[in-house]
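Student: Just to be clear, the model below is a prediction. Sequence and coordinates:
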Amino acid sequence: MSITGATDALPNRALESSPVLPTHRLRAWPPRPKPLDAASGGREARRQMLQRMRVFWNDQNRVHRERVQAEVKAAQSRQAEAHRYWDQHKAIVKQRWANHTGGRGETAVADIPEVATQWHPDNSARPEDVSATADREANRYLWQCPLGLGHEPWRATPKDRVRSGAGCPACRQLIRLSDIPTLAAQYRGPAPASDMKFAAHERVPWICRTWAVDPATGNWRPVEHHFEAVVKERALQTDACRVCAGYIIDDTNSLRTWFPEIADELDDPYIDSCRLPTSQHNASRKHRDDPDAAYARRPWICRHGHRWKATILNRVQGGGCPHCSRSGISKEQVRLVAELAGLMALVPPGSRDPRLPDGVPDFASHQIVVPPQYKPQHWRYRAVEVDAVFRTAAGTRIGVEYDGAFHHSTQRRDRRQYESEKSRVLVAAGLLDLLVHVRLGDLPALEAAEALAVPVPERSTPYQQACAAAVATEARFPGSLPGIEGYLAAGQPRSQDQADAYILAAWGELRPPRLRPERTTGPRRPRRLRETAPHPDSLLTPVGAPYKNPERPTETVRDYRCACGNSPRGTAVQAQVTSGNTRSCGCLRDQAKRQPRIPMSRAESQEVRTWARKQGFSVGTSGRVPGQITASYRLHKAGRSDALATNGLLDERRVQQWAQLNGMELGAKSRLRSEIWLAYAADCLSPGEPGGGVAEQRPAPTAFQEGLFDLNSPAPSWIRGASTAP
């Protein structure tokens, strides 16, 4: 290996451009996010605010990871450059020592220029007076790093520097935590960041500055998240704030902070609700031996003393006490069940609702457990819900289902297969003898022999629904409802007072108040204007984006350029151009005005007006008479009233198709111009012309006169052959 020019390849300050990082300070808070609307402060509003806060935290963590990745990549690039420098330095120094000509002890440090340039000035001796092979402990001299990275001088023997080619020990472990400013700003360990390796396995404390939402007001407040993490995981795996990520719970994201009403129902004194998350659902792998291994269920107790287990996510999303829950129960269902309870014996559910006062029947739904041998394999339900269960005088068990249009129509999902299977399974297992479905409105039919579908009008009253269900049940089991005749003859409900008592006890009100959206006092956000294409027959080409008309803010206008080239760029209402009402810059209108009109005498105009008034048609006292009225008058005057429609005028669709067959140009939106009406009348009055022959010899069919033919379909054969008729 030649050493000619080798010293030029090894500059004394090869990495002088690399920055020397100062002492890091804690990074300031990011910009404050926009305030949130706390609305009424209910659970749903808090859920939305919590979701917005999580999105903000996730965005901040993403930015943090991107910064750390970029800084680590830059630091590793500097380290790789330093390694290349010292590897080259080692090879050159060892080759120069191998080619030295002096005897043992005669070669000095100054004879190796690559090493001599690193001699520290604080040494007591000069490099010319020190042997290059000195290796005693007393011969350890100070050396300085030539890369200018701020490394402290180190001691080494000349023999190690010359014969082994040893370099700066600090450059071999170049990257420190201080070289990653984003992490150094959050570091709060006992040792300085400049002494901490960026890939250390030590767990040290950190601080993250961010913003958190106040659940009561929706305002953002500055907070500091304190957590511990391994240095290597934060630097190489780019782990962000563990509190923002949800791995550590504090006062900013705990269940107690966001949902105190749920935290108060926790039935475990050894669990701190201030350290519980707000979205835990799946169980960790450490608790797979738990009976509820699939889910992380917690014990809860409601204000009525009911105990149950559920996940935190289930509670936050609205799940409550299953014994007190009103899910699956509607007020309409309660009123129907109350009426039927006067005709059949109501079977109460398993446990009575403690909220109900004495004397009020329990109209809650039934949870019927199906034996495993009767349950279909694809069912994942533990129990089947039935709205009500009755027992007739003959001992027949009849279930009643209230099928509303919202949950049982096919717009959201098709429940017909499940409803049919449920009826079949309950009857086959001997749990019910019949399941009656009171189906409200226009719902699809059920196909199951064990189910009895009773359709009722959508606006029917509970009494009407009960009458329909009772009549259908009596028809299936004759004699099972002894009091049905008196109930039908009464013509009014009997048990709505009991239904009201149950609704007041369960809901607290008979009918919920209608919620009206609150008007916002702030400025409205401008709506983004949507671009629409011109009509296919338009001559206009859009230029630029649409904008609001400053004189009429309700109009959306746009600049257009016409294909005629006679006028510069103009402005038009975008909706008019899209619909075809405006098709040009005005050139088509000027062209239509220049077309010669069919001459019409003043005397004929007066006759047409007089005839139109007698027929009951509205015409003015001056101006041009509409072409349809003029053409109809000419046919009437010539004795061709058979060509007119029942209203005394020419049929517009018939004339329109005649114009299309003859290749005549229609007006905007396929309107008939005055010339077309008059030309059609003239064609009907000319026996030698095609229209005249058809009108006299081949009258149009009745279906065509009534406009039953589609104008877009091919013309019938007798119309296609009209042009060649004699």
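Tutor: Everything's here; your move.
Student: Tell me the spatial nearest neighbour of residue 28, not counting adjacent residues.
Tutor: Excluding the flanking residues, the one nearest residue 28 by Cβ to Cβ, 6 or more residues apart in numbering is residue 209, at 7.0 Å. All C-beta spots, glycine's among them, are computed from the backbone N, C-alpha and C.
Student: Equivalent analysis for residue 579, please.
Tutor: Nearest one to residue 579, counting by Cβ to Cβ, 6+ apart, is residue 535 at 6.6 Å.
Student: roughly how far apart are the one you found and residue 529?
Tutor: 19 Å (Cβ to Cβ, to the nearest Å).
Student: more neighbours, those two?
Tutor: residue 535 (18 against 14; other Cβ atoms under 10 Å).
Student: What helix or strand is that one located in?
Tutor: Under the criterion DSSP states H and E, no helix or strand holds residue 535.
Student: do residue 79 as well
Tutor: With DSSP H and E as criterion, residue 79 is part of helix 43-98.
Student: residue contacts, the residue nearest to residue 579?
Tutor: 577-580, 583 (Cβ atoms under 8 Å, 6 or more residues apart in numbering).
Student: can you name the two of the residues you listed that are farthest apart?
Tutor: Greatest spacing in these, by Cβ to Cβ: 578 and 583 (10.8 Å).
Student: Tell me which of these two has more neighbours.
Tutor: residue 583 (22 against 16).
Student: My guess is the more buried one contacts residue 536. True?
Tutor: No: the pair residue 583 / residue 536 is not scored as a contact, 10.0 Å apart, by Cβ atoms under 8 Å.
Student: Can you point out the buried residues in stretch 658-669?
Tutor: Of all the residues in stretch 658-669, those buried under the rule 16 or more other Cβ atoms under 10 Å are 658-659, 664.
Student: and stretch 59-78, what's its mean pLDDT?
Tutor: Stretch 59-78 shows a mean pLDDT of 90.
Student: in the stretch 601-726 of the chain, which ranges drop under the pLDDT threshold?
Tutor: 668-669, 687-726 (pLDDT under 70).
Student: hmm, 90 instead?
Tutor: Across the stretch 601-726 of the chain, the ranges flagged by pLDDT under 90 are 601-610, 612-631, 633-679, 681-726.
Student: got it, and the stretch 101-250 of the chain?
Tutor: 101-115, 124-140, 146-152, 154, 158-180, 191-200, 216-218, 237-238.
Student: Enumerate the helices of it by residue range, in sequence order.
Tutor: 113-116, 158-162, 169-172, 181-184, 231-235 (DSSP state H, counting those that start in this stretch).
Student: Run through the bridge partners of residue 300.
Tutor: Counting by DSSP bridges, residue 300 is bridged to residue 266, residue 308.
Student: pretty sure it contacts residue 309?
Tutor: Yes: with contact defined as Cβ under 8 Å, residue 300 counts as touching residue 309 (7.1 Å).
Student: Neighbour count: the two, which is higher?
Tutor: residue 300 (22 against 13).
Student: Please list all residues in contact with the more buried one.
Tutor: Residue 300 neighbours (Cβ under 8 Å, 6+ apart): 265-267, 307-310, 315, 321.
Student: Out of those residues, who's the most crowded?
Tutor: residue 315 (22 neighbours).
Student: can I assume that one sits in a helix?
Tutor: Yes: remark: residue 315 belongs to a helix, assigned using DSSP: H, G, I helix; E, B strand; the rest coil.
Student: What sits closest to it if chain neighbours are left out?
Tutor: That would be residue 262: by Cβ to Cβ, 6+ apart, it lies 5.0 Å from residue 315.
Student: In which helix or strand does that neighbour reside?
Tutor: Residue-wise, residue 262 maps onto helix 260-263 under DSSP H and E.
Student: What residues does residue 505 make contact with?
Tutor: 353, 355-357, 360.
Student: Max pairwise distance over these: which two?
Tutor: Maximum distance among those (Cβ to Cβ): 10.3 Å, for 353 and 357.
Student: These two: who's more crowded?
Tutor: residue 353 (19 against 9).
Student: Roughly how far does the closest residue to that one other than its chain neighbours sit from residue 452?
Tutor: Nearest non-adjacent residue to residue 353, counting by Cβ to Cβ, 6+ apart: residue 362, 5.7 Å away. According to Cβ to Cβ, residue 362 stands 24 Å off from residue 452.
Student: More neighbours: which of these two?
Tutor: Neighbour comparison, residue 362 and residue 452: the larger count goes to residue 452, with 22 against 16 (by other Cβ under 10 Å).
Student: Ignoring the adjacent residues along the chain, who's closest to the more buried one?
Tutor: With Cβ to Cβ, 6+ apart, the residue lying closest to residue 452 is residue 436, at 4.8 Å.
Student: how much space is there between residue 577 and residue 631?
Tutor: 32 Å.
Student: neighbour-wise, which of the two wins?
Tutor: Taking neighbours as other Cβ under 10 Å, residue 577 and residue 631 compare with residue 631 leading, 27 against 22.
Student: Next up, the contacts around that one.
Tutor: Contacts of residue 631 by Cβ under 8 Å, 6+ apart are 650, 677-678, 680-681.
Student: coming back round to it: restricted to strands, list the contacts of residue 535.
Tutor: With DSSP state E as the criterion, strands contain none of the contacts of residue 535.
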